[in-house]
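Participant: For reference, the sequence and a predicted model appear below.
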Amino acid sequence: MSNCASCHNPIKDATGPALKGIRGSLPGGDWIYNWVHNSAALIAAGDPEAVKIFTKYNKTAMTAFPQLSNEEIDAILKYADDYKAPVAAAPAEGGGNTQKTANNGWLYTTITLTLLVLVIVLWRANLGLRRAANDKEGIPNEKEIPLYRSKLVIAVVAIVAFIMAGYWITNGAINEGRQQNYMPLQPLFYSHKVHAGINQINCLYCHAGAEKSRQAMIPSANVCMNCHKQIDSYTGDAEHPLKTAEGKAINGTEQIQLLYKYAGWDPNKKDYKRDANGNILSTPIQWVKIHNMPDHVYFNHSQHVKVGQVQCQKCHGPVQDMDEVYQFSALSMGWCINCHRQTDVQFTSNNYYSVFQKYHDELKSGKREHVTEADMGGTECQKCHY
Amino acid sequence: MSQKQYWSGEKDLTNINTPGEVMENEFKEELPLDLSEGLFSATTPRRDFLKFMGFSTLAATLVASCEMPVRKAIPYAIKPEDITPGVPNYYASTFNDGGDYCAIVIKTRDGRPIKVEGNELSSITKGGSSARVQASVLNLYDKARIRHPYADGKEATFASIDNMIKQNIAAKAGYLVTGTIISPTTKEIITKFLAKYPNIKHVVYDAYSYSGMLLANEACYGKRTLPTYHFDKAQTIVSIGADFLGTWVSPIEFSKAYSKGRKISAKNMNLSKHYHVEAMHTITGGAADLRATAKPSEMGKVVVALYEAVVNGTAPSLPSKNLNTLVTKAAADLKKGNGLVVGSSNDVNIQTVINAINDKIGANGVTVNWATTSNCKQGTDKEIVDMVAAMEAGQVGAVLMHGVNPAYDYYDGKKFTAALAKVAMTVSFADRMDETAQKCKYVIPDHNYLESWGDAEPKPNYFSLQQPGIAPLFKTRAFQDSLLIWAGEAMAYGDYWKNYWMQKLGSQENFDMALQNGVIEPAGDMPNGTAPFAGNVETAKGNIMGKQPHAGVELVVYQKIGIGTGGAWSNNPWLQEMPDPITRATWDNYLCVSPKRAKELDNELTGITEVESKKRVVTIKASNGYTVDLPIVAVPGMHNDVVAVAVGYGRDKMVGRAAASDDTKGGKNAYPFYVFNGLTMEHHSDVTIAKTAKMYDIAITQTHNSYEARPVIHEYTLNEFRHDPNELLKERNAELEHYTVLPWVEKGKEAHGHGEAAEGHGHGGGLMDSTKEEGYRENGTLYPNYPYEGIKWGMSIDLNSCTGCGACVVGCMAENNVSVVGKDHVLKAHEMHWIRIDRYFSGMINDPDTVQTIFQPMLCQHCDNAPCENVCPVSATNHSSEGLNQMAYNRCIGTKYCANNCPYKVRHFNWMDWNGADAFADNLYEDGRRDDLNDDLTRMVLNPDVTVRSRGVMEKCTFCVQRLQDAKLAAKKEGHPLRDGAAKTACQQACPTDAIVFGNVKDTESSIYKIRRKDQQERAYYVLEHIHTLPSINYLARIRNTEEVIGLDENKNEYLKYHI
């Protein structure tokens, strides 16, 4: 696979021609074996067919495979000939098990409200009857204070209102500057679910900085082009149709074409567009930043990813299930501190910690079971605020 | 302990028993607010208060508005392979300022240089740097740099200029004037250029001339070059006016070597002896063991007297008793061997006699190295004087100038400018429209050195490569490229340079290795050798003795360590704000005078006048007619008949905002005080001084902090130290022992501590040892003693090594985004330097020869029992588990109680919005001189790992916590414990004399542990130890190589009341 599939696709032209049925367009006999064993020699010798292919596909040299036997080459070509494009699977049984979550909530609410109304009606009726009875017997009735002047009601309402307002103001103030669940519109619809979830691309393949530096690095367009030089259309519409959170449908192939615009790639010529000096005419993609720390906070990804061995998903949530990325965690200071207090450092496996003699002794003697980041000083001010 | 009392200024002398005005009014009472008249004259002043204070409800609502801005994250379109955002890249390169050489490493982030460090692989500078090297990164982003070539004052293209030049350059005789060139490729290219245009002559011109030495060496040794001076091999150093630690020839190299001879300990009692004769007061004089002052016109006689004393044993008869004593002692010591005599005079005769002395004492081949000479100064004064004469006579058709600015720094700038007007084709390669470039027809700006390829050969066979840290920012072109094009060569300089080195090194691997290391040096020790002396001493002596002595006042022209000869440095706000080590003055130059003369000029140095910023302005008239007005600053230690002015000031406004000068700011040009004696430029002149009625503010930082007469320096003579190395330990014991043992604890069961105890416990006669230190730590306070696990940071500063050069001050500013506040706010004591170098005088103020100087770098001591931590109402500053005092800027509400409590006065408050980091718009402080720092271009120098502080928060040294965290992270990633030397603070890395040592005190292999517990126990002490702040920084006591204490009056109480 790694020998052939990096340049050839059975049914699509890529770096090299599509292999299905290619035998038909090539000279017969041993030509194909000679070509696969050493295409460069054929081209150098001036074989017309070889030169034609070489020129058509951007003068890209095909690697020589002298180790493949003729039988193996035949088998490969047969595989390509028999290859059937995967048919879009029939859409899954729509809403198979509409979960009949026995939703009794509405029932209980209705019953409670009805009972409440009943209680009030009966209480008022009782009050009225008592008053009428008092009238009959000549006992003076209490003056009925309207609800809005009753001291008890006013007190209760005031206290409740105060508590609610206080909660609302404090909560609002604390959440000032936080962006949990922030899901902005991005200039290009890039679905992590397709790439990281379905295709299982490792987070660190694109976000390579997460292991090395404080920034995880949003990949530049050239990283995307590693794969998208070949992959120029979205074939997953049946399996996983793309749509935004609002429900608008997205055409994956169009998005790939948009990527080509940013990267300066001409899909027809299968080459980059360059200016007079040979520089590629690409523009950076202006992503909207979702996870943001204030200026006075220092956060280092590599510390957490490489040393702390924290999973990406712990802070960023299930990104591999997100079509559009949103901020999963609050990213507040309290949230960070909390995790620092609970997470253990790699105390015994990382030799850096060998100098902390007291903790080692305590672990040995059983006085201590964990060495958390807070024990290491991870909750001190100047670890993050400098 | 010597009984010397230290005074940082005259106020301390008069107020030594009672706290003076300064201490009581630490924060000045009259509000230093720029309250416009409007406020007090408004009808409702109280109501309008907020309005005038720059506050507005609109601003408040904006700040409180709830919407979050949309932020973008924009990666590269195509990311270069070797850049990882957030990870710095380091490139080895070379710093070369007209022959002033330093091998450096450029730290770049995201493709732009943000810091310059010394390159440890260089055997010449060995990783040291200077204030200018550290500040050079800011010059790359200087707003005053010209951005494209000019022709006739208008923008032009390179091609058009090249055509004009090629057509007209061969017409008449011409000159190519450059500074000292130490680059072999550039020399080759110049040779090619001169071959193509034989009508052009190459003149080398140094703004601060060393022609005297060069010509004397040519006459004596046949080589017109400077030797290498090995200060580390010298046991006796005699300097006649040479400020070799600050500005003379190659200060970084000399500081590094000199400091090796000063690292004394109880186990190694070897200390070099440094005699110094000078007219004014420099940091080298401050480092000296025995010092005497002499007028510049007397220096020759001093040298002759020294010669006679060495050769014939003749007793000297010089104008002062101190000089006689010094010369006698120096001669005796020099005869013992391993001596070195250097001098700064530009008089060929004086340098000849100095060469003769060195020859006679056998210094050649030992401390004066003639096998490996030094290329760093090559200018001959006569050549440029002849050139100006030719220009005046109209014989010159073309003048090309690179790295020189004669319209400003030539001794007769006016004459030069007038002569330049007679030249048809004038070309300048300057990076800004300096005084000369303004008068030139074509200006083809050269790259900044951080954008250039290049090389350097500071000594024969010792090479250093230069590579850029950033692509050229503007439409500039390498000087070498211009020459190549005009010489008709097809090759670009980059290719020429690469070919040269590939050929020389042999292979691509060698070339890559050399470029990575930055230096190409022969293996083994530097070859040392002597040369036969053929100078004519008798004639030289005759010339010197024959000169008429001068009776009046003499003016010395000197270079400041920060500004140097001017050039781009004048426009560097970091250097302008760096306090001069001796006067502690910032921004603007002034006339240094002795305290006696200050009294005569009606500005006596008293406790009051020292604190007042207004200084008397005097008119100085030189014998050549140059007249200028300057304010005076009284400097103890100056000869009474000597005054001094620094060069590099009085610049034109096109040089830049920080440099621009007029009558109200920027100082005056001192270069016209030079005198040409027919052969060389003399850096001193005869002058008359007349006082005027005017006063002028000089922003001096020395009086801004006070220790309230508590002892902060410990100094001993070598005799005292040899006699009893434990004297300091005894003193500390006497002070602290009372607290080391709790009264109710039985004797024998005192507080435990590990470490070697030197002697037994008990009162009187004991020594402060590690056990007692632990006891003091625990028992001297109510607070619990916190055990530090793992890592505990500590620092040691060696007062014997610190020369006061200020590299640490500027290095810290570069690393930590420390703000420049401008002159007005320095006047209000608001300067922000996280590390400052306090300067203390001792001795008798009216006898300049007894004045000795000590420099003490003062930075946050990271006290384990910090007075500042307890008093913060919002707990914005607390202590980390590694011993750092942490400052959380975002928590600080600006109470300033912590600064009040700090006994070291190392906390700095952001009184204004210096950087535009404020949430309030339009609050940026601008004073018209330092504002370029906030330009978008100049902000590229900021370190992205350090917060930029906004108005209203307190800041202070953090021990470069970003570097510590980085080092710890690297160690964690590699899986090994933090190693000593992995985490270096910026000040430690900048220091050329290794005065600062920093590391993990708990690591028994670390240098800091060895200093405190093994090698330097007898010299280590803590500042203000007795108030139990438990600082993390220890200082090593100063040991001066003298027999008796200098400056000690028999009646020691009397001198304290000395008035001048």
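Facilitator: In hand now; what should we look at?

Participant: how does chain A divide into domains?
Facilitator: A:22-82, A:192-293, A:333-383 (automatic domain parsing).

Participant: how about the ones you listed in JSON lines, adding mean pLDDT?
Facilitator: As requested, the domains of chain A are exported to JSON lines (pLDDT from 0 to 100):
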{"stretch": "domain A:22-82", "mean pLDDT": "83"}
{"stretch": "domain A:192-293", "mean pLDDT": "92"}
{"stretch": "domain A:333-383", "mean pLDDT": "90"}
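
Participant: want to throw these into JSON lines with distance to chain B and mean neighbour count?
Facilitator: C-beta here means a position set from N, CA and C on the backbone, and glycine is covered the same way. Shown next, in JSON lines, are these (distance: least, Cβ to the nearest Cβ, whole Å; neighbours: other Cβ atoms under 10 Å in any protein chain shown):
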{"stretch": "domain A:22-82", "distance to chain B": "19", "mean neighbour count": "14"}
{"stretch": "domain A:192-293", "distance to chain B": "3", "mean neighbour count": "16"}
{"stretch": "domain A:333-383", "distance to chain B": "4", "mean neighbour count": "16"}
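
Participant: Up against chain A, what does the stretch 651-800 of chain B have?
Facilitator: Neighbours of chain A within the stretch 651-800 of chain B, by Cβ under 8 Å from any Cβ of the partner chain: B:Pro787, B:Glu789, B:Gly790, B:Ile791.

Participant: Sorry, wrong one. I was asking about the stretch 101-250 of chain B.
Facilitator: Residues of the stretch 101-250 of chain B lying near chain A (Cβ under 8 Å from any Cβ): none found.

Participant: Show me where the stretch 101-250 of chain B has its strands.
Facilitator: Listed in chain order, the strands of the stretch 101-250 of chain B (DSSP state E, counting those that start in this stretch) span B:112-118, B:150-151, B:154-155, B:173-178, B:200-204, B:226-229, B:236-240.

Participant: try chain A
Facilitator: A:265-266, A:271-272, A:287-288 (DSSP state E).

Participant: quick one, what contacts the residue lying closest to B:Asp864 once chain neighbours are set aside?
Facilitator: Computed as Cβ to Cβ, 6 or more residues apart in numbering or on different chains, the closest residue to B:Asp864 that is not its neighbour in sequence is B:Leu1030, at 3.8 Å. The contact partners of B:Leu1030, by Cβ atoms under 8 Å, 6 or more residues apart in numbering or on different chains, come to B:Arg777, B:Cys863, B:Asp864, B:Asn865, B:Tyr1022.

Participant: top helix in the chain by residue count?
Facilitator: Picked chain A for this. helix A:105-137 (DSSP state H).

Participant: You answered for a different chain; I wanted chain B.
Facilitator: helix B:296-311.

Participant: would you put the C-alpha positions of that helix in CSV?
Facilitator: Included here for helix B:296-311 are C-alpha records, laid out as CSV according to Å, rounded to 0.1, in the frame of the first residue of the first chain:
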residue,chain,number,x,y,z
PRO,B,296,45.9,65.5,31.8
SER,B,297,48.9,67.8,31.2
GLU,B,298,50.7,66.1,34.1
MET,B,299,50.1,62.6,32.8
GLY,B,300,53.3,62.7,30.8
LYS,B,301,55.3,63.6,33.8
VAL,B,302,53.7,60.8,35.8
VAL,B,303,54.7,58.4,33.1
VAL,B,304,58.3,59.7,33.0
ALA,B,305,58.5,59.5,36.8
LEU,B,306,57.3,55.9,36.7
TYR,B,307,59.9,55.1,34.0
GLU,B,308,62.7,56.6,36.1
ALA,B,309,61.5,54.9,39.2
VAL,B,310,61.4,51.5,37.5
VAL,B,311,64.7,51.9,35.6
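
Participant: C-terminal to it, which secondary structure element comes first?
Facilitator: Scanning forward in sequence from helix B:296-311 by DSSP states H and E, the next helix or strand is helix B:321-334.

Participant: so that next one versus helix B:296-311, what angle?
Facilitator: Orientation note: helix B:321-334 sits at an angle of 40 degrees relative to helix B:296-311 (axes from the mean of the first three to the mean of the last three Cα atoms, to 10 degrees).

Participant: Identify the residues contacting helix B:321-334?
Facilitator: Contacts of helix B:321-334 (Cβ under 8 Å, 6+ apart): B:235-236, B:238, B:273, B:275, B:277, B:290-294, B:302, B:305-306, B:309-310, B:313, B:315-318, B:339, B:341, B:357, B:361, B:849.

Participant: Look at stretch B:104-124 and report the distance between its end residues.
Facilitator: 12 Å (Cα to Cα, to the nearest Å).

Participant: quick one on the thing from earlier: now, of the strands of the stretch 101-250 of chain B, which is deepest in the fold?
Facilitator: Most buried of those by mean neighbour count (mean count of other Cβ atoms under 10 Å in any protein chain shown) is strand B:236-240; its value is a mean of 28.

Participant: Who are the packing partners of that strand?
Facilitator: strand B:273-278, helix B:296-311, helix B:321-334, strand B:339-343 (3 or more Cβ pairs under 8 Å, 6 or more residues apart in numbering or on different chains; DSSP states H and E).

Participant: element containing B:Leu728?
Facilitator: B:Leu728 belongs to helix B:727-740, assigned by DSSP H and E.

Participant: helices or strands up against that helix?
Facilitator: Going by 3+ Cβ pairs under 8 Å, 6+ apart, helix B:727-740 lies up against helix B:770-779, strand B:1020-1021.

Participant: at 7 Å what do you get?
Facilitator: With contacts taken as 3 or more Cβ pairs under 7 Å, 6 or more residues apart in numbering or on different chains; DSSP states H and E, helix B:727-740 sits against helix B:770-779.

Participant: any idea of the mean pLDDT for the helix holding B:Leu728?
Facilitator: If you average the pLDDT over helix B:727-740, you get 86.

Participant: got the buried residues for it?
Facilitator: Going by neighbour count (16 or more other Cβ atoms under 10 Å in any protein chain shown), the buried part of helix B:727-740 is B:Glu727, B:Leu728, B:Leu729, B:Lys730, B:Glu731, B:Arg732, B:Asn733, B:Leu736, B:Glu737, B:Tyr739, B:Thr740.

Participant: residues touching A:Ser329, list them.
Facilitator: Applying Cβ atoms under 7 Å, 6 or more residues apart in numbering or on different chains to A:Ser329 gives the contacts A:Gln180, A:Cys315, A:Gly317, A:Trp335.

Participant: Go again with 8 Å.
Facilitator: A:Gln180, A:Cys315, A:His316, A:Gly317, A:Trp335.

Participant: Buried subset of these as a ChimeraX selection?
Facilitator: Selection of buried members from those for ChimeraX, criterion 16+ other Cβ under 10 Å:
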select /A:315,316
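
Participant: Of the contacts of A:Ser329, which one scores lowest on pLDDT?
Facilitator: For the contacts of A:Ser329, the least confident entry is A:Gln180, with 90.

Participant: where exactly do the helices run in chain A?
Facilitator: A:31-37, A:39-45, A:48-56, A:70-82, A:105-137, A:151-174, A:192, A:203-206, A:221-228, A:252-263, A:301-302, A:312-316, A:333-342, A:357-365.
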